[in-house]
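S.K.: Coordinates for the following, if possible.
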Amino acid sequence: MSGLQASITASDQSLRHSSTQATQVADPPAVSLLAQFRQTGWLPAQHLADEQTLAHLRSLDFENASVTQANARKALWQADLCTRNLAMSPALTDILEVLFEGAGYYLWGSRVIDRDPAQSHDWHSDIETAGEGFVSVWIGIEGT
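M.R.: Predicted structure coming up:
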């Protein structure tokens, strides 16, 4: 399985996303989305990336030292414009706006993780994003 992990938190090398919406009472779908996240701790999301974006992620050149280094540091969004655009896309940021209830947030990291068939990648929180106030987004690219 290939996937993109994006963790949202504060960092010196982060991209700040500020809410452009005025504080207001959330509409019923947003309230439902937030309630579901609070109850389960996760949300299913489909269609966060189009086929062109997925094809680009599958074709990333990990022979390129800057891509490999950025991926290892969970900073692929800094080296790859397509990854940054995906992480800051309205399809994703609209959901994050609801989860963060209109407060700003930071894109802390993103990277591509490649797994062989039947190889797992256990659900977990990294030490730098453990605790409240963090959201991790996993997007399956292929075979998920």
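
S.K.: Could you check how far the helix or strand that contains residue 86 is from the centre of its chain?
M.R.: Using DSSP states H and E, residue 86 sits in helix 81-87. Between the centre of helix 81-87 and the centre of its chain there are 10 Å (Cα atoms, centre = their mean, to the nearest Å).

S.K.: Following element in sequence after that helix, please.
M.R.: Next along the chain from helix 81-87, counting by DSSP H and E, comes helix 90-99.

S.K.: Surely residue 109 is within a strand?
M.R.: Yes - counting by DSSP: H, G, I helix; E, B strand; the rest coil, one finds residue 109 located in a strand.

S.K.: related to what we said a few turns ago, now the helix holding residue 86: buried residues?
M.R.: 82-84, 86-87 (16 or more other Cβ atoms under 10 Å). C-beta here means a position set from N, CA and C on the backbone, and glycine is covered the same way.

S.K.: again with stretch 55-72
M.R.: By 16+ other Cβ under 10 Å, the buried positions in stretch 55-72 come out as 56-57, 60, 67, 70-71.

S.K.: Need the single longest helix in this structure, by residues.
M.R.: helix 28-40 (DSSP state H).

S.K.: what about this structure, any weak spots by pLDDT?
M.R.: 1-29, 144 (pLDDT under 70).

S.K.: repeat that for 80
M.R.: Low-confidence segments of the chain, defined by pLDDT under 80, span residues 1-31, 44-47, 121-133, 140-144.

S.K.: At which residues are the helices of it located?
M.R.: 28-40, 51-58, 65-72, 76-79, 81-87, 90-99.

S.K.: Those helices: which one's closest to residue 123?
M.R.: Closest to residue 123 of the helices of the chain is helix 28-40 (Cβ to Cβ; 12.4 Å).

S.K.: Using CSV, write out every CA atom in the closest one.
M.R.: The C-alpha trace of helix 28-40 is given here as CSV (Å, rounded to 0.1, in the frame of the first residue of the first chain):
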residue,chain,number,x,y,z
PRO,A,28,-25.7,20.7,10.4
PRO,A,29,-23.3,18.7,8.2
ALA,A,30,-20.3,20.3,9.9
VAL,A,31,-21.8,19.7,13.4
SER,A,32,-22.4,16.0,12.4
LEU,A,33,-18.8,15.7,11.0
LEU,A,34,-17.3,17.1,14.2
ALA,A,35,-19.5,14.9,16.4
GLN,A,36,-18.5,11.8,14.4
PHE,A,37,-14.8,12.7,14.8
ARG,A,38,-15.2,13.3,18.5
GLN,A,39,-16.9,9.9,19.0
THR,A,40,-14.7,7.7,16.8
